[in-house]
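Visitor: generate coordinates for the sequence data below:
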Amino acid sequence: MSTSEFEYPEFYSFPPFFTIQPVIATREKQMALWRDLILRYYSTNKIKTLVVHDCPLWKNQKIKRELNSDDIDAVMKDLVESGHGEWEDERQTRCRILWRKPHQLASDIYDWAQRNGFINSVCTLYELHSGEDINGTSFQGADEELIRRALSILEEQGKCTIFQGDTSD
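Guide: Next up, the predicted model:
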């Protein structure tokens, strides 16, 4: 997992960040910071799944601080409840990171299609996931299942039609 491109925010070096705060207002702000940190880290590094026991964000070696397991559970619960994470397994050891929520991604895809003249054109799932025309978009490299869900939202809104092909592309 490459962290060379990722710049940790200043609050990541603040020791109390690694202890869930008891005051509700402070805790809410802290959880928002954890959500933002997780989303930025995983989107910057194009990582789609957070493995709970192997997440490098839980520990900051420079200040010798780390979240305990109860606090990790609280952060993960908040991430999932916010709609930016989905458990991939019943034991809750792997979480799909939703860099953008499906409805946000649907809007991004539609805006991209309008800007680039793709309305009333056929695009494959591969083109929306890895094509040359999507460089720098919020959906470049996104989880294919998430792109399918975003396209389903657009289809429900009457903004696209999904054609089933012989392959997953």
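
Visitor: longest helix of this structure, counting residues only.
Guide: Ranked by residue count under DSSP state H, the longest helix found in the chain is helix 24-44.

Visitor: so which other helices or strands are in contact with it?
Guide: Judged by 3 or more C-beta pairs under 8 Å, 6 or more residues apart in numbering; DSSP states H and E, helix 24-44 is in contact with helix 69-81, strand 94-97. In short, each C-beta sits where N, CA and C put it, glycine included.

Visitor: most packed of these?
Guide: Across the helices and strands packed on helix 24-44, the average number of neighbours (mean count of other C-beta atoms under 10 Å) peaks for strand 94-97, which reaches a mean of 18.

Visitor: could you list every helix and strand that the following helix or strand past it packs against?
Guide: Counting by DSSP states H and E, the element after strand 94-97 in chain order, helix or strand, is helix 102-115. In terms of contacts (3+ C-beta pairs under 8 Å, 6+ apart), helix 102-115 is packed against helix 144-156.

Visitor: report the buried residues of the helix it packs on.
Guide: For helix 144-156, a neighbour-count test (16 or more other C-beta atoms under 10 Å) marks 144, 146, 147, 149, 150, 151, 153, 154 as buried.

Visitor: what's the pLDDT at residue 127?
Guide: Looking at residue 127, its pLDDT is 85.

Visitor: tell me the contacts of it?
Guide: Counting by C-beta atoms under 8 Å, 6 or more residues apart in numbering, residue 127 touches 133, 134.

Visitor: name the element it belongs to?
Guide: helix 125-130.

Visitor: CA atoms only: put that helix into CSV for me.
Guide: C-alpha atoms of helix 125-130 as CSV (Å, rounded to 0.1, in the frame of the first residue of the first chain):
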residue,chain,number,x,y,z
LEU,A,125,-18.7,-0.2,-17.7
TYR,A,126,-14.9,-0.5,-18.5
GLU,A,127,-14.9,2.9,-20.1
LEU,A,128,-16.5,4.4,-17.0
HIS,A,129,-14.1,2.6,-14.7
SER,A,130,-10.8,2.8,-16.5
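
Visitor: what about the protein, any weak spots by pLDDT?
Guide: By pLDDT under 70, the low-scoring segments of the chain are 1-4, 166-169.
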